[in-house]
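A.B. asks: The following block contains a protein sequence and its predicted model.
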Amino acid sequence: MAFNHLPAGVHDALGPLSFTPVTHSVPMANNHRPGRSTETTGTRPSPSTVLDRLAKGANRAARITHTEHLPPRAGRHAVWPDRIRPEVIAAIQAAGIEHPWAHQAAAAEHALDGKSVVVATGTASGKSLAYLAPVLSTLLDGAEAPNGRGTTALYLAPTKALAADQRRAVRALAAPLGTSVRPAVYDGDTPVEEREWVRQYANYVLTNPDMLHRGILPSHPRWSSFLRALRYVVIDECHTYRGVFGSHVAQVLRRLRRLCARYGSNPVFLLASATAAEPAVAAGRLTGLPVTEVADDASPRGELVFALWEPPLTDLQGEKGAPVRRTATAETADLLTDLTVQGVRTVAFVRSRRGAELIAVIAQERLAEVDRSLPRRVAAYRGGYLPEERRALERALHSGELLGLAATTALELGVDVSGLDAVVIAGYPGTRASLWQQAGRAGRSGQGALAVLVARDDPLDTYLVHHPEALFRQPVESTVLDPENPYVLAPHLCAAAAELPLTETDLDLFGPAAAGLLPQLEAARLLRRRATAWHWTRRERAADLTDIRGEGGRPVQVVEAATGRLLGTVDESASHTAVHDGAVHLHQGRTYLVKHLDLEDSVALVEEASPPYSTTARDTTSISVLETDTEIPWGDGRLSYGSVEVTNQVVSYLRRKLITGEVLGEAKLELPPRTLRTRAVWWTVTEDQLDAARIHPEILGGALHAAEHASIGMLPLFATCDRWDIGGVSVPLHPDTLLPTVFVYDGHPGGAGFAERAFHTAREWLTATREAIASCECEAGCPSCIQSPKCGNGNDPLHKQGAVRLLTTLLTGAPED
């Protein structure tokens, strides 16, 4: 695979090679089971041996702050329910699976009984087979029915890659069943000429919530025979449906249930989830139905060695002279290179598209110095690629042509990648559920595996690598979603009315907030009441009112200025920060500079370049309180939760030296402000509390600002959010509270449930925040504790010790749980 050379100076920043070239050849892969992916040949080294090799070299061992050894676990078999067709059992056995695990058999029994069920077990525990066995058996029954099409099933995946992978698995497993099972993918990549065949003849349709929302439900008359026969709805990786996206999907599923009832069907929902807290509660909130949970994982597990890895401090200085750690990107590129040279099949998970591209390019450059055949064995995989690029990478991964992959979460979600030896995670992925999901990609064939979490230079990652109990001794988080968020619910009521006129009896399905929204939708002339039903009044499609991933607006097309070639797209909500004028944009290992962002036409014009820096946007924010829902006293101070209006504007961007992160300069931008009505948690302190904390007026702003930054960084430990899902503002004297105030708000219209979770866990959240600041080894503040990568004020002012004293005083007045 082709790759670009890195810009001049990057090799100096990377430093000397940290791996020792090995003399053995790197193995290619071979098929090991029909319908499954591939694994490398030869004897695998133990995960402890692989980690020992990584730890060799200058100061490498000191970077490992903790190693957790998860012992292997024996499996517990059961027998399939006797209602599973013998032909299906024979097909499963032909695939090499003689008996099911106990949780697979239990889930199949519930499905056959007509009970919606969620299987919440570990990665590679066979969740797919738990729902495929009853689905295939029921499709086989339906194929023999005299009524033509028989029974149908719908499969929903959060990503196109997962749906494509599942189609491969279903086709292989169901091959002995002949034409009785006809799986087909129906998504944005499906050619127009194939779509009619899928609607008319497929009985197992694999799609995603976006296509269900925009394509299937609005065209339900064309899907009438499929919906009339719908017996099962499979929702894979359901723990990913959280926040605004999860709330939208919940309403899409209610629209689906309404149309199914119109056609006389009442499908059973089969959900698959990573290990999660209260999976039945979360699944019930998602579907609107009672759901039975199967959470006792009976599958075997190989040994997992899980290392926490903290990059070292460098000699460089960051903002305000703060010490700077080597970046997680540079460390992960090193580790991916070392593992590839060892012949260890690895996926490196990276949080950003840019990071995935950069890690792949660095690894390719380094591998070329060892063996010119190795760079083509490493690639990047992320969202935003064109369909043909994405499919080619998936094929290369399954064939074993690729040995190392730098991937965003587009690959995290359940794609069956058997035979991986190691996973490197560049930065905490935001939730323990995602951490274990990513770590579980290795060792999927029951072998031992290595997982390495490489800490980024921020408060949460630093806290976690020094507090391993927060990862290994705590349950995974509860899934947070709010289907009754009016900004979510309103457009789905419009979409539902466009599909079928809404009646009073429909409103219970959409929740108690629905009735109150209808008069507002009538006043806006979106709906009109005629007799006993509400009708959609516009000529345009109601489904286009909202983007269910909460991104909103038309995606911005990234176009090469010289050729007019479309490189990919960027979400509208991210365009101001990702493709502003002067931004560095990476695509398929190539670097581009944004020449102009045209907001009117939603186009970013770019040209290929090799700048020796990356770019980071900066913004400013103001906030006003609209309504206080609830508040409780914290000593003399108060903790509050309610509705706010946030005004945000991207004002500049930093140029940072590649790999080291050293700031080279700042450039101003002129972009319009954006206004957001959302939900927030905020706390105030009084003059007496400031006196008790020895917070003088000259350090008050810095103490509040530092506490705000650190609390935003720590919130993902307590709510299923990402640091970039939330924002914050700190004010020494806020006009609405008339007191020093710190706000933390949801970064989505109407809220996403994160601020509410922060309000209910505030004591634990702010205690961890104080500890993260106090335990950091820096003197005056650094990215590991109180500096924020997205601060619009240039991380000024900040006062580390003031923040510790302020939080200590505030927590002294916190009510007991």
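C.D. replies: On my side now, so go ahead.
A.B. asks: quick one, strands of the stretch 51-200 of the chain?
C.D. replies: Counting by DSSP state E, counting those that start in this stretch, the stretch 51-200 of the chain forms strands over residues 64-70, 117-120, 152-156, 183-185, given from the N-terminal end onward.
A.B. asks: Likewise for the stretch 651-800 of the chain?
C.D. replies: In the stretch 651-800 of the chain, the strands defined using DSSP E, counting those that start in this stretch lie at 663-668, 674-684, 726-731, 741-746.
A.B. asks: for Ala322, what are its contacts?
C.D. replies: 778, 780-783, 787 (Cβ atoms under 8 Å, 6 or more residues apart in numbering). Quick note: C-beta positions are derived from backbone N, CA and C, even for glycine.
A.B. asks: Tell me which two of those sit farthest apart.
C.D. replies: Of all pairs drawn from the contacts of Ala322, the one with the longest distance (Cβ to Cβ) is Ala780 and Pro783, at 12.4 Å.
A.B. asks: Have a look at the two and say which one is more surrounded.
C.D. replies: Ranked by neighbour count (other Cβ atoms under 10 Å), Ala780 and Pro783 place Pro783 first, with 27 against 16.
A.B. asks: about what we covered before: for Pro134, which of the strands of the stretch 651-800 of the chain is the nearest?
C.D. replies: Across these, the minimum distance to Pro134, taken as Cβ to Cβ, is reached by strand 741-746, at 38.3 Å.
A.B. asks: Put the alpha carbons of that closest one into PDB.
C.D. replies: The C-alpha atoms that make up strand 741-746 are tabulated as PDB, following Å, rounded to 0.1, in the frame of the first residue of the first chain:
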ATOM      1  CA  THR A 741     -19.700  29.800  39.100                       C
ATOM      2  CA  VAL A 742     -18.400  26.800  37.200                       C
ATOM      3  CA  PHE A 743     -20.700  25.300  34.500                       C
ATOM      4  CA  VAL A 744     -20.400  22.000  32.700                       C
ATOM      5  CA  TYR A 745     -22.900  21.500  29.800                       C
ATOM      6  CA  ASP A 746     -23.900  18.900  27.200                       C
END
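A.B. asks: what angle separates the top helix by length along the chain from strand 741-746?
C.D. replies: Taking DSSP state H as the assignment, the helix of the chain that covers the most residues is helix 243-262. On the basis of axes from the mean of the first three to the mean of the last three Cα atoms, to 10 degrees, helix 243-262 is oriented at 40 degrees to strand 741-746.
A.B. asks: what's the angle between helix 243-262 and strand 152-156?
C.D. replies: Using the same axes, to 10 degrees, the interaxial angle of helix 243-262 with respect to strand 152-156 works out to 170 degrees.
A.B. asks: Which strands or helices does helix 243-262 pack on?
C.D. replies: Using 3 or more Cβ pairs under 8 Å, 6 or more residues apart in numbering; DSSP states H and E as the contact criterion, the secondary-structure elements in contact with helix 243-262 are helix 209-211, strand 230-235, helix 279-287, helix 486-499, helix 507-510.
A.B. asks: could those go into JSON lines alongside mean pLDDT, distance to Thr179 and mean neighbour count?
C.D. replies: As requested, the helices and strands packed on helix 243-262 are exported to JSON lines (pLDDT from 0 to 100; distance: least, Cβ to Cβ, whole Å; neighbours: other Cβ atoms under 10 Å):
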{"stretch": "helix 209-211", "mean pLDDT": "96", "distance to Thr179": "24", "mean neighbour count": "21"}
{"stretch": "strand 230-235", "mean pLDDT": "98", "distance to Thr179": "18", "mean neighbour count": "23"}
{"stretch": "helix 279-287", "mean pLDDT": "95", "distance to Thr179": "31", "mean neighbour count": "23"}
{"stretch": "helix 486-499", "mean pLDDT": "95", "distance to Thr179": "32", "mean neighbour count": "23"}
{"stretch": "helix 507-510", "mean pLDDT": "95", "distance to Thr179": "36", "mean neighbour count": "17"}
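A.B. asks: can you redo these as a markdown table with distance to Thr686?
C.D. replies: Output for those, formatted as a markdown table (distance: least, Cβ to Cβ, whole Å):
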| stretch | distance to Thr686 |
| --- | --- |
| helix 209-211 | 47 |
| strand 230-235 | 49 |
| helix 279-287 | 38 |
| helix 486-499 | 34 |
| helix 507-510 | 43 |
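A.B. asks: Which among those is found nearest to Ser575?
C.D. replies: helix 209-211 (19.1 Å).
A.B. asks: following the closest one, which helix or strand comes up?
C.D. replies: With elements assigned by DSSP states H and E, the helix or strand that comes after helix 209-211 is helix 224-228.
A.B. asks: Pick out the residue nearest the middle of the chain.
C.D. replies: Of all residues in the chain, the one closest to the mean position by Cα atoms, centre = their mean is Thr409, 5.8 Å from it.
A.B. asks: residue contacts, that residue?
C.D. replies: By Cβ under 8 Å, 6+ apart, Thr409 lies in contact with 349, 351, 429, 434, 438.
A.B. asks: which residue sits closest to the last one, ignoring its sequence neighbours?
C.D. replies: Excluding its sequence neighbours, the residue lying closest to Gln438 (Cβ to Cβ, 6 or more residues apart in numbering) is Phe349, at 4.7 Å.
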